[in-house]
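Trainee: next input, structure requested:
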Amino acid sequence: MANYIVDPDIFRSYLPHKTELDSWNGKCYVSLVGFMFLDTRIAGIRIPFHIDFPEVNLRFYVRFKENGEWKRGVVFLREIVPKPAISFVANTLFDENYISLRMKNAERITENNLHISYEWRYKKRWNKLAVMADRISQPLISGTAEEFITEHFWGYASVRTGITGEYQVAHPRWDIYPVNSYEIDCDFKGLYGESFGDLSSQLPESVFLAEGSEISVFKRRLV
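Mentor: This next block holds a predicted model:
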């Protein structure tokens, strides 16, 4: 998870109805995230050849107030997966912004380090997100930016004018692996638009590797 501080005004046109930007210590983040779907099931059913696959997404953080309480969630600017059928299902069920590109991922474990990488081919050029991290994980510390970034349990997407789709995502608290070095080569402008082009030359404020876990995504509702 590579996390950049950005001007909050960038997100105004992307905010789903009834949500507002969420921030940590006055900072608004956008995160480039790479992860693996493993043993994926839809309504409990495994779809052949669509069970294990990588995803890379760019997301920012919002909140939605309901019955006097805040729900903290994310909005995906774009999600990249390797198979068109995955994009079709996700875009149809959740009104997300999935696209399908050639992708590859690698995981290598050495005596002291984890080497994790995700690559995706866009306009004849390979983009990359890769880290070398400690093999020993650390508990997530309350009140940190890492907690803020990982502990958002709702997804929000604009369905149509004045209507927002909301779905819950449930998972246990994740440990994280400190990152010793990283490599990011991403065509932010081409993939995500002019507003995010400066990220290609901007250093992330933080990069970390999260443990991951079983995740449940619940049925969407409209708000």
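Trainee: CA only for contacts and neighbour counts going forward, please
Mentor: OK.
Trainee: worst-scoring helix or strand of the chain, pLDDT-wise?
Mentor: helix 84-94 (a mean of 74; mean pLDDT, DSSP states H and E).
Trainee: where do the helices sit along the protein?
Mentor: For the chain, applying DSSP state H gives helices covering 84-94, 145-150, 188-192.
Trainee: can you give me the buried ones in the longest one?
Mentor: The reference is to helix 84-94. 86-88, 94 (16 or more other Cα atoms under 10 Å).
Trainee: run a quick neighbour tally on residue 26.
Mentor: The local packing of residue 26 (other Cα atoms under 10 Å) involves 8 other residues.
Trainee: just residue 107 next, same as before
Mentor: Neighbours of residue 107 (other Cα under 10 Å): 10.
Trainee: for residue 171, same thing?
Mentor: Count around residue 171 with other Cα under 10 Å applied: 13.
Trainee: isn't it up against residue 213?
Mentor: Yes: contact criterion Cα atoms under 8 Å: residue 171 and residue 213 qualify, at 6.7 Å.
Trainee: mutual contacts of the two, please.
Mentor: Common contact partners of residue 171 and residue 213 (Cα atoms under 8 Å, 6 or more residues apart in numbering): none.
Trainee: ok so, going back, from the buried residues of helix 84-94, which is closest to residue 69?
Mentor: residue 94 (23.5 Å; Cα to Cα).
Trainee: how close does that closest one get to residue 200?
Mentor: 29 Å (Cα to Cα, to the nearest Å).
Trainee: again, but for residue 117
Mentor: 18 Å.
Trainee: neighbour count for those two, which is higher?
Mentor: residue 117 (20 against 14).
Trainee: for the residue lying farthest from the centre of the chain, which non-adjacent residue is closest in space?
Mentor: Relative to the mean C-alpha coordinate of the chain, counting by Cα atoms, centre = their mean, the farthest residue is residue 111 (28.7 Å). Counting by Cα to Cα, 6 or more residues apart in numbering, residue 111 lies nearest to residue 135, which is 8.0 Å off, once chain neighbours are set aside.
Trainee: tally of neighbours for the one you found?
Mentor: Residues lying near residue 135 (other Cα under 10 Å) number 16.
Trainee: residues touching it, list them.
Mentor: Counting by Cα under 8 Å, 6+ apart, the residues that residue 135 touches are 109, 111-114, 177.
Trainee: pLDDT below threshold where in the chain?
Mentor: Where the chain drops to pLDDT under 70, the residues are 38-51, 90.
Trainee: one step back: what is the most widely separated pair among the buried residues of helix 84-94?
Mentor: The widest separation within the buried residues of helix 84-94 (Cα to Cα) is 11.8 Å, between 86 and 94.
Trainee: just the terminal-to-terminal distance for stretch 167-175.
Mentor: 24 Å.
Trainee: identify each buried residue in that stretch, please.
Mentor: Neighbour-count burial for stretch 167-175 [16+ other Cα under 10 Å]: 167-168, 174-175.
Trainee: take these and write them to CSV, including distance to residue 99.
Mentor: What follows is these, written out as CSV (distance: Cα to Cα, whole Å):
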residue, distance to residue 99
167, 20
168, 22
174, 27
175, 29
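Trainee: just flag the most distant two among the residues you listed.
Mentor: So, the buried residues of stretch 167-175 by Cα to Cα: farthest apart are 167 and 175, at 23.7 Å.
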